[in-house]
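S.K.: The following block contains a protein sequence and its predicted model.
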Amino acid sequence: MVALLPVLFAAATLLSAHYLDEHRRSGIGDVLSNWYFLVVVGSVVIVPVVVVSLCGAAALTRRFRLGRLLSTVGCAAALLATAALTYAGVSEALSGGIRQQDPNSWTPSLSAVETFVFTAPFAVIAGANMWVLVRLWTRGSSA
């Protein structure tokens, strides 16, 4: 289930696109447009990570070592990607929104509250992947 969190996040973001059109200049519109941009551009990373994680989860029952290796690679990649997105969002908010003066930016700058909302799903996905990694490596092969 944890492997599908990025897919569920992407689906929820893409389904909320109609809401984005109605509230483009609001705080939630800015957050949604940033998520939408990341989902579209990040699908290059999301799809392979999900495939590797799901293959690892499927192999856990038959070939535990291979399943654990594939699951570890998938979870680690998802963890690194979401941690990088969280770091980027927080560092931009702490820097005072340098992009606010850039009229050519692809996404709007976010306030502190909007940054918290923006980074919350990435922190949840990172935490869930960390939990899976800990569970994978603290259980024996007889489990």
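M.R.: Arrived safely. Numbering: from 1, shown residues only.
S.K.: Need the per-residue pLDDT for residue 106.
M.R.: The predicted local confidence for residue 106 comes out at a pLDDT of 67.
S.K.: again, but for residue 39
M.R.: At residue 39 the predicted local distance difference test score is 85.
S.K.: Work out the gap between the host helix or strand of it and the centre of the chain.
M.R.: Here residue 39, judged by DSSP states H and E, is contained in helix 27-59. On the basis of C-alpha atoms, centre = their mean, to the nearest Å, helix 27-59 is displaced by 6 Å from the centre of the chain it belongs to.
S.K.: just checking, what packs against that helix?
M.R.: Where contact means 3 or more C-beta pairs under 8 Å, 6 or more residues apart in numbering; DSSP states H and E, helix 27-59 is packed against helix 5-15, helix 17-22, helix 64-94, helix 112-138. For every residue, glycine as well, the C-beta is placed using N, CA and C.
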